[in-house]
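Asks: predicted model and sequence below, questions to follow.
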Amino acid sequence: MEIVMMNWNIRAAAKILLLGGLATTIYISSCGKKETTDITAPSKPPLVTESKSFSATDATTAFNAFNTVYYSTTDKLYYSTTEKKGIGAIWTQAIYWDIVMDAYERTKDPAYYKMITDIYDGGYQRYDGYNWENHTTWFIYDDMMWWVMALTRAYGITNNQIYLTKAKAGFQHIWDGSYDQVKGGMYWDFKHSGKNACINYPTVIAAMRLYEITKDEAYLTKAKEVYAWAHDNLFDIGKGRVADHKIGDNNPGYEDYTYNQGTCIGAALLLYKVTGKQSYLNDAKLAAQYTKSTMSDTNGILPAEGDFNEQGVLKAIFAQYLVDLAKVDPQGGYDKWAVYNANTAWGNRDQTRNIMHRNYKISCPTGVVQSYESSSAVAFMQLFAPSK
């Protein structure tokens with residue numbers, strides 16, 4: 001089989017690479033196999049970006065619309081598209097869970113609190129009770145770690161002990177199978193084909209959250225070790241650019257993705273808050289600046305990232321950690337930048353469904369749209385909404 005890979009951070013690669021004997025070419029994009037479903041092109045010019053900030057009411061409208069269009073009350077998870085024919089990818093459900101928690105923390109709406117517990121239940125039913133030993137349901141380490149991160153956060157909100165128990169078990173399982181005891185760093189897949197940003201920085205975040213909850217120094221030690229490896233092997237200290245992967249002793253593979261920039265920021269900030277070490281904060285600022293000055297357009301609009309696939313969710317992850325940097329460094333202008341992006345997406349929303357698109361600069365298509373594509377601007381609006 002000939003496989004043309006655009007990026008080693010491929011959610012389905014653990015399965016695809018096991019196939020053989022087929023004379024075919026598979027084009028795979030970051031975070032998942034490229035899908036062939038057509039998407040209706042915008043039928044009208046982009047709308048003018050609203051000059052004033054979106055309101056708290058707008059943020060609620062956007063979140064409720066996202067749920068109306070994509071949430072399955074039966075499965076208690078999110079559909080992959082507006083067609084509602086199938087549930088979205090396993091790792092993206094953890095990101096959607098984060099957005100629900102964002103909405104709850106912003107509004108304290110009891111209905112959103114119930115969604116937090118419901119989504120846990122939905123995942124429990126669909127993903128073998130969060131049985132981390134099941135390497136069919138969980139076919140890659142970083143898919144697990146996104147859920148571990150979300151479980152620790154859900155515990156902090158609900159104080160439900162089972163969430164913490166599942167998170168601790170998941171972290172240990174990943175650590176035992178993924179961490180390179182000789183050279184350091186975390187492998188992203190069961191075959192140990194490479195060490196990617198999408199497992200290393202999330203490991204730091206999960207470890208630091210568990211440390212903050214348990215005060216177990218072992219988690220802090222692990223976080224420092226993995227961050228140090230990632231800093232030395234995946235981080236361009238001159239630019240703030242995060243490499244997507246490192247395979248063996250080869251040079252890092254630099255492909256720009258907002259979620260890698262975001263988790264780098266999040267990992268650095270959590271370590272900074274605990275240790276007070278300035279270099280961690282400097283890394284976070286540098287990563288944010290690279291995302292704004294190099295990855296975004298000349299007006300500061302974040303990249304669309306990908307086509308019709310799971311990459312649409314990446315900016316939702318970036319938003320989760322940019323807001324933390326905005327709180328630590330309020331003079332950095334991150335709030336204004338985030339609000340500008342959210343305003344652009346909201347101004348270009350589908351006026352009928354109130355859903356937004358991965359490409360903030362164009363009118364949201366009126367046909368089939370993925371939940372991945374609609375998610376990131378919703379996250380920005382929950383995290384950076386005005387207080388009233």
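Replies: Sure thing, it's come through. Residues are numbered from 1 along each chain as shown.

Asks: where along the stretch 51-200 of the chain do the strands fall?
Replies: Using DSSP state E, counting those that start in this stretch, the strands of the stretch 51-200 of the chain run over 71-72, 77-78, 195-196.

Asks: show which residues not belonging to the second one make contact with it.
Replies: This means strand 77-78. Contact with strand 77-78 is made by 70-72, 87-88, 92-93, 96, 119, 122-123, 126, 371, as judged by CB atoms under 8 Å, 6 or more residues apart in numbering. To be clear about C-beta, it is placed using only N, CA and C from the backbone, and glycine gets the same treatment.

Asks: out of those, which are buried?
Replies: 70-71, 87-88, 92-93, 96, 119, 122-123, 371 (16 or more other CB atoms under 10 Å).

Asks: got those as a markdown table, with distance to Tyr104 columns?
Replies: A markdown table is the format used below for the buried ones among the contacts of strand 77-78 (distance: CB to CB, whole Å):
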| residue | distance to Tyr104 |
| --- | --- |
| Tyr70 | 17 |
| Tyr71 | 14 |
| Ile87 | 22 |
| Gly88 | 20 |
| Thr92 | 19 |
| Gln93 | 16 |
| Tyr96 | 13 |
| Ile119 | 11 |
| Gly122 | 16 |
| Gly123 | 17 |
| Ser371 | 19 |
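
Asks: which single one of these is nearest to Gly238?
Replies: Thr92 (32.6 Å; CB to CB).

Asks: tell me the buried residues in stretch 345-352?
Replies: 345-350.

Asks: same deal with stretch 130-144?
Replies: Quick answer for stretch 130-144 (16+ other CB under 10 Å): 130, 132, 137-144.

Asks: and if you look at stretch 110-129?
Replies: Neighbour-count burial for stretch 110-129 [16+ other CB under 10 Å]: 112-113, 115-116, 118-120, 122-123, 127.

Asks: and stretch 181-196, by the same measure?
Replies: Under 16+ other CB under 10 Å, the buried positions of stretch 181-196 are 184-189, 193-196.

Asks: apart from its chain neighbours, what residue comes closest to the residue nearest the centre of the chain?
Replies: Geometric centre of the chain, nearest residue: Ile317, 3.2 Å, by CA atoms, centre = their mean. Leaving aside its chain neighbours, Ile317 sits nearest to Tyr259 (3.9 Å; criterion: CB to CB, 6 or more residues apart in numbering).

Asks: and the one you found, its phi and psi?
Replies: Here is the backbone geometry of Tyr259 (degrees, to the nearest 10): phi -70, psi -30.

Asks: tell me the pLDDT of it.
Replies: In this model, Tyr259 is scored at 98, pLDDT.

Asks: distance of it relative to Thr294?
Replies: According to CB to CB, to the nearest Å, Tyr259 and Thr294 sit 16 Å apart.

Asks: of those two, who's got more company?
Replies: Of the pair Tyr259 and Thr294, Tyr259 is the one with more neighbours under other CB atoms under 10 Å, namely 30 against 11.

Asks: OK, contacts around that one?
Replies: Contacts of Tyr259 (CB under 8 Å, 6+ apart): 198, 313-315, 317-318.

Asks: quick check: Gly262 vs Tyr211, distance?
Replies: Taking CB to CB, one finds Gly262 at 20 Å from Tyr211.

Asks: pick out whichever of these two has more residues nearby.
Replies: Per other CB under 10 Å, whichever of Gly262 and Tyr211 has more neighbours is Gly262, with 26 against 21.

Asks: with Arg126 as the reference, measure out to that one.
Replies: Distance from Gly262 to Arg126, by CB to CB: 26 Å.
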